[in-house]
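Enquirer: Here is a sequence together with a model predicted from it:
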Amino acid sequence: MNGTDAGQPGRPLPPGCGDQPPERRLFGIAACAGVAIGPVFRTTESPPQVTRHKIHAADIQAEGARLDAAVLQSRKQLMKLRGRLVVLPEESQGEIAPLLDAYIQMLGPSRLLRGARKRIEDRLVSAETAVMEEANAISATLTAASDDGTAARQADEVREIGRRLVRNLTRAPFRSFAGAVQGAVLIAEGLRPSDAALIDPARIAGVATEEGGTDGHTAILLRALGIPAVLGVPGLLADLRAGTTAVVDGVVGTVILNPSGTSLSGARRAVASFARDRQRLGRLRRLACVTLDGEAVSLQANLELPVELPMIAQSGANGIGLLRSEFLFMNRDTVPTEDEQARTYRNVIETMAGDTVTIRVLDWGGEKEIEALVNAGLVPELVDSNPALGLRGIRLLLRQPELFETQLAAILRAGQAGPVRVLLPMVTNVAEVRTAKAIYHRVADRLRERGVTLPAPLPPLGIMVETPGAALCADMLAAEAEFFAIGTNDLCMYALAVDRGEMEVAELYDSLHPGVLRLIQMTISGAASHRIPVSVCGEMAANPDMTPLLLGLGLRSFSTNASAVPRVKQAVRGTTIDDCQRLTARILKQSDAEQIRESLATFGHSSAH
Ligand code: PEP
Ligand code: MG
């Protein structure tokens, strides 16, 4: 809900808080436009669920290794938080740093870890059970021995580090949104994509996290849900009380805690202006997506969760250019069956009533952790040291053909309800496309043998161009694939060696880098060499400032989150292809992304008048 105001006029504090604490204004990355005002809800309050308790004697060593990996991961997380404190005022640093140091120390040779290891060996319990039991035992001893504040604080610290270890061991999402009041602002250290997928946009007004970057999957999901969000906010959790009023401004990227009366009034005005803006853009829904000189542009929507379907219908999108099928596999213990998948795809296809739905097969890997795949033994339990470069997307599907074939069969069956296309993620070479194609045809043959009628030719099989290797060989891949969808999020990440979800290097993650533009250019000309359609479905397509550049590069098909559809349409309708081409020719000679950004801003400004 962009522009939600759940705050109470003139009452920025919950009752009984005495003097109003000073306003704290924090800065982060604007991840989803909109302004939200509401009471803080912290997601780390409830302990993670432990479902695996006992182990066999033969597993003691493996369990110890799991614990070691979780300790390492927890240390890394805390060191990262510690490293970021420098941006905060000195007195805040002085308060938070000792706490983080205490946590880090407990991840060294500590009573907690010694005790947990001993429990694994002596009592044959899983690492998560061992950690939780040991943390509870230590904190109980501490509080029993003394009732002073120090003991209580230390007991809290042990429990907190225990929770962190268990979260990392179970890789479970926080799943604790149930206690959030209507209109709450959700605040967390970090949210995984699977956590974000569980958020109810009718209940949660805004989100702010210490972790995260602009084009990570969590940010994408929050945009899909239309929840104002600011990610990567250092010091957000320091001294934060549940119920404190927070203002999340996802346009400028600020979070205000305990806002003053003036800040609160400003935020309320922003909420109202956002609502007006949305109404104005809503009127574009029925207008054609065509440039001033009559060039038609296809504008489709990305879908990451089925709850988006009504928003997509309202957006005026003419189809789904990217259905990220990961949602079907997330937040569940087992892998979905062919029937279950077919039902879900069919529902989307039927809702789109004749508009094409492009279904991307499972893109596991990177930050997209999926428990069901771990439980089914389809992916390694211990995360690769460099997951973005590991077993991802099409690589996993070719390694686990049954998983791939089940999904293809489901898509083909659902395709009887309307036009579909099948999209392969993370392709890097021609052999992957050929192998996938052979599997696709084999699955179709089997379905025909089962009596399923399928169209001839089969629905188009295309590829994401989202690795530099694929973009550089686009002409070769175009000989095998039936369409291209440019994934600028990963393309930018791999081309520039910058993690898309990492705030530390966020300023280097820039899709206007001339290297990224050249890769897009090569992809478009590769597609043209074999006359196959090409679209762009990464976040770059959703930024109306970039629309003239993408049009000038030759793209005529965009797929964006539903809320961006009207803005991009407005940009298309406000320009001519001639102007875009001239602008793009100028931009392609520029060597500096900042200069390119300026050229785009000037162009946008001049075409707005
Ligand atoms: C991309 O990489 O640009 C893309 C659209 O895929 P995803 O964001 O799901 O990785
Ligand atoms: Mg991608």
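Expert: Now that the structure is in, tell me what you want to look at. Residues are numbered from 1 along each chain as shown. Ligands and ions are numbered 1, 2, ... in the order given.
Enquirer: Check the stretch 1-150 of the chain for the residue nearest ligand 2 and tell me.
Expert: For the stretch 1-150 of the chain and ligand 2, the shortest gap (C-beta to the ion) falls at Ala31, measuring 17.0 Å. Bear in mind the C-beta positions are built from the backbone N, C-alpha and C, glycine included.
Enquirer: repeat for the stretch 51-200 of the chain
Expert: The minimum distance from the stretch 51-200 of the chain to ligand 2, using C-beta to the ion, falls at Pro193 (12.2 Å).
Enquirer: what's near enough to touch the nearest residue to that residue once chain neighbours are set aside?
Expert: Residue nearest to Pro193 in three dimensions, not counting chain neighbours: His217, with 4.0 Å by C-beta to C-beta, 6 or more residues apart in numbering. Applying C-beta atoms under 8 Å, 6 or more residues apart in numbering, one finds that His217 lies in contact with Pro193, Ala196, Gly366, Glu367, Lys368, Gly501.
Enquirer: how about a cut-off of 7 Å?
Expert: Shown in contact with His217 (C-beta atoms under 7 Å, 6 or more residues apart in numbering): Pro193, Glu367, Lys368.
Enquirer: try Val357
Expert: Shown in contact with Val357 (C-beta under 7 Å, 6+ apart): Gly319, Ile320, Leu323, Val348, Ile349, Gly418, Val420.
Enquirer: Can you flag the buried ones in those residues?
Expert: Listed as buried from those are Gly319, Ile320, Leu323, Val348, Ile349, Gly418, Val420; burial here means 16 or more other C-beta atoms under 10 Å.
Enquirer: Throw the residues you listed into a markdown table and include pLDDT, secondary structure and distance to Asp293, thanks.
Expert: Converted to a markdown table, the buried ones among the contacts of Val357 look like this (pLDDT from 0 to 100; DSSP: H, G, I helix; E, B strand; the rest coil; distance: C-beta to C-beta, whole Å):
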| residue | pLDDT | secondary structure | distance to Asp293 |
| --- | --- | --- | --- |
| Gly319 | 97 | coil | 24 |
| Ile320 | 98 | strand | 28 |
| Leu323 | 98 | strand | 32 |
| Val348 | 97 | helix | 34 |
| Ile349 | 97 | helix | 34 |
| Gly418 | 97 | coil | 32 |
| Val420 | 98 | strand | 32 |
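Enquirer: closest to ligand 1 among those residues?
Expert: Ranked by distance to ligand 1 (C-beta to the nearest ligand atom), these are led by Leu323 at 10.5 Å.
Enquirer: residue contacts, the closest one?
Expert: Per C-beta under 7 Å, 6+ apart, neighbours of Leu323: Leu303, Val348, Val357, Thr358, Ile359, Arg360.
Enquirer: Now the two most distant members of these.
Expert: Farthest-apart pair in these is Val348 and Arg360; separation 12.4 Å (C-beta to C-beta).
Enquirer: For ligand 2, give me its nearest residue in the stretch 501-609 of the chain.
Expert: Residue of the stretch 501-609 of the chain nearest ligand 2, by C-beta to the ion: Gly538 (7.1 Å).
Enquirer: Figure out the helix or strand that Asn489 lives in.
Expert: helix 488-496 (DSSP states H and E).
Enquirer: any residue of that helix up close to ligand 2?
Expert: Yes - Helix 488-496 reaches ligand 2 (C-beta under 5 Å from the ion) through Asp490.
Enquirer: for that helix, what is the average pLDDT?
Expert: Helix 488-496 shows a mean pLDDT of 96.
Enquirer: next helix or strand past that helix?
Expert: According to DSSP H and E, the helix or strand after helix 488-496 is helix 514-529.
Enquirer: quick one: contacts for the nearest residue to Val427 once chain neighbours are set aside?
Expert: With C-beta to C-beta, 6+ apart as the criterion, Val427 has its nearest non-adjacent residue at 4.4 Å, and that residue is Ile463. Shown in contact with Ile463 (C-beta under 7 Å, 6+ apart): Leu423, Leu424, Val427, Val433, Leu477, Ala481, Phe484.
Enquirer: ok, now Val207?
Expert: Going by C-beta under 7 Å, 6+ apart, Val207 touches Leu186, Leu222, Ile227, Ala229, Val248.
Enquirer: three-state assignment of Ala246?
Expert: strand (DSSP: H, G, I helix; E, B strand; the rest coil).
Enquirer: Show me what the helix holding Asn489 is packed up against.
Expert: If contacts are counted by 3 or more C-beta pairs under 7 Å, 6 or more residues apart in numbering; DSSP states H and E, helix 488-496 sits against helix 468-472, helix 514-529.
Enquirer: how about these in JSON lines, adding distance to ligand 1, mean pLDDT and mean neighbour count?
Expert: Shown next, in JSON lines, are the helices and strands packed on helix 488-496 (distance: least, C-beta to the nearest ligand atom, whole Å; pLDDT from 0 to 100; neighbours: other C-beta atoms under 10 Å):
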{"stretch": "helix 468-472", "distance to ligand 1": "11", "mean pLDDT": "98", "mean neighbour count": "21"}
{"stretch": "helix 514-529", "distance to ligand 1": "11", "mean pLDDT": "98", "mean neighbour count": "20"}
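Enquirer: Dump those to CSV, plus distance to Leu81.
Expert: Conversion of the helices and strands packed on helix 488-496 to CSV gives the following (distance: least, C-beta to C-beta, whole Å):
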stretch, distance to Leu81
helix 468-472, 32
helix 514-529, 30
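Enquirer: Could you provide those in TSV, with additional columns for distance to ligand 2?
Expert: What follows is these, written out as TSV (distance: least, C-beta to the ion, whole Å):
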stretch	distance to ligand 2
helix 468-472	11
helix 514-529	14
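Enquirer: Pull out the buried residues from stretch 448-467.
Expert: Of all the residues in stretch 448-467, those buried under the rule 16+ other C-beta under 10 Å are Leu454, Leu458, Pro459, Pro460, Leu461, Gly462, Ile463, Met464, Val465, Glu466, Thr467.
Enquirer: just those that are near ligand 1?
Expert: Glu466 (C-beta under 6 Å from any ligand atom).
Enquirer: what would the buried residues of stretch 448-467 look like in JSON lines with pLDDT?
Expert: Formatted as JSON lines, the buried residues of stretch 448-467 follow (pLDDT from 0 to 100):
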{"residue": "Leu454", "pLDDT": "96"}
{"residue": "Leu458", "pLDDT": "97"}
{"residue": "Pro459", "pLDDT": "98"}
{"residue": "Pro460", "pLDDT": "98"}
{"residue": "Leu461", "pLDDT": "98"}
{"residue": "Gly462", "pLDDT": "98"}
{"residue": "Ile463", "pLDDT": "98"}
{"residue": "Met464", "pLDDT": "98"}
{"residue": "Val465", "pLDDT": "98"}
{"residue": "Glu466", "pLDDT": "98"}
{"residue": "Thr467", "pLDDT": "98"}
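Enquirer: Would you check how far apart the most centrally placed residue in the chain and Ala184 are?
Expert: When C-alpha atoms, centre = their mean is applied to the chain, the residue found nearest the centroid is His217 (1.5 Å). Computed as C-beta to C-beta, to the nearest Å, the His217 to Ala184 distance reads 23 Å.
Enquirer: what's whatever helix or strand Asp195 lives in packed up against?
Expert: In this assignment (DSSP H and E), Asp195 forms part of helix 193-196. The helices and strands touching helix 193-196, judged by 3+ C-beta pairs under 7 Å, 6+ apart, are helix 217-225.
Enquirer: Would you mind identifying the next helix or strand past the helix it packs on?
Expert: Per DSSP H and E, the helix or strand that comes after helix 217-225 is strand 229-231.
Enquirer: just checking, what packs against that following strand?
Expert: strand 29-32, strand 204-209, helix 217-225, strand 245-249.
Enquirer: contacts for the helix ranked longest in the chain?
Expert: Determined from DSSP state H, the single longest helix within the chain is helix 60-83. Residues outside helix 60-83 that contact it (C-beta under 7 Å, 6+ apart): 55, 97, 100, 103-104, 107, 113, 116-117, 120-121, 126-127, 164-165, 168-169, 210, 382.
Enquirer: Give me the residues contacting the next helix or strand after it.
Expert: Downstream of helix 60-83, the first helix or strand assigned by DSSP H and E is helix 90-106. Residues from elsewhere that reach helix 90-106 (C-beta under 7 Å, 6+ apart): 75, 78-79, 81-82, 85, 112, 157-158, 161, 235, 238-239.
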